[in-house]
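> with the sequence up front, the predicted model follows.
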Amino acid sequence: AQSVTQPDIHITVSEGASLELRCNYSYGATPYLFWYVQSPGQGLQLLLKYFSGDTLVQGIKGFEAEFKRSQSSFNLRKPSVHWSDAAEYFCAVGAPNTGNQFYFGTGTSLTVIP
Amino acid sequence: DTAVSQTPKYLVTQMGNDKSIKCEQNLGHDTMYWYKQDSKKFLKIMFSYNNKELIINETVPNRFSPKSPDKAHLNLHINSLELGDSAVYFCASSFTRYEQYFGPGTRLTVT
């Protein structure tokens, strides 16, 4: 069965520091992978996506993610975090052969210290 | 030029009442979804419609009934509301097999 694991429930980083949020997935075929960000009281905004091709994908707001098939991972990175990046981050696997059903991880809450 | 909109944003009601949440998308997508986000932020898909046809129907109580009058709209009707229905409900839309775009959410509080 498809599943997504985000091992870190909560991460705290200092402003200007680098960030890596972990995501591991379980899926029988080549997955479609996504990262979304949810600011307090808001909906989910798509940060980036991976369908195929180059395993390093660039997204909005200076984020990038790398797909590693051998590790079943799709970790999100940012070289220098800004205070406005404080939010909840969700990794998701898309299962196109099941009606495009998305499986979301449980989220990682990011706190940024000034 | 809102892409995916939901109404209302907040909904406070008493147990036993019936309520509806409306969703509209102007992105021309062919698939729409309803998700429930609980207090721990866990997101769970409830329903999905493709071209007005129900394609995903997860295990949710029969009190929840989606209706899609056309490709751009997917409404969620909830009968006999219970305390456990309190959550944030998100509508989303996509082209089949592509990324989903989410609405701002409807915070439902059942008292």
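Received it, and whenever you're ready, just let me know what you need. Residues are numbered from 1 along each chain as shown, chains lettered A, B, ... in the order given.

> which SSE is immediately downstream of the lowest-mean-pLDDT helix or strand in chain B?
Counting by mean pLDDT, DSSP states H and E, chain B has its least confident helix or strand at strand B:53-57, which shows a mean of 80. Following strand B:53-57 in sequence order, the next helix or strand is strand B:64-70 (DSSP states H and E).

> partners of that following strand, with directions?
In the sheet, strand B:64-70 lines up against strand B:73-78 (antiparallel) (DSSP bridges).

> helices or strands next to the least confident helix or strand of chain B in the packing?
For strand B:53-57, the packing partners by 3 or more Cβ pairs under 8 Å, 6 or more residues apart in numbering or on different chains; DSSP states H and E come out as strand B:43-50. No exception for glycine: its C-beta is placed from N, CA and C like everyone else's.

> what does chain A have sitting close to chain B?
By the rule Cβ under 8 Å from any Cβ of the partner chain, the part of chain A lying against chain B is A:32, A:34, A:36, A:38, A:42-46, A:49, A:88, A:90, A:94, A:96, A:98-102, A:104, A:106-107, A:109.

> filter these to the buried ones?
Buried by 16 or more other Cβ atoms under 10 Å in any protein chain shown: A:32, A:34, A:36, A:38, A:43-44, A:46, A:49, A:88, A:90, A:94, A:99-102, A:104, A:106-107, out of the residues of chain A next to chain B.

> buried sites along the least confident helix or strand of chain B?
By 16+ other Cβ under 10 Å, the buried positions in strand B:53-57 come out as B:55, B:56.

> so which residues make contact with it?
Outside strand B:53-57, the residues that touch it by Cβ atoms under 8 Å, 6 or more residues apart in numbering or on different chains are A:98, A:99, A:101, B:31, B:33, B:45, B:47, B:48, B:49, B:66, B:68.

> now do it and strand B:64-70, the angle between them.
150 degrees (axes from the mean of the first three to the mean of the last three Cα atoms, to 10 degrees).
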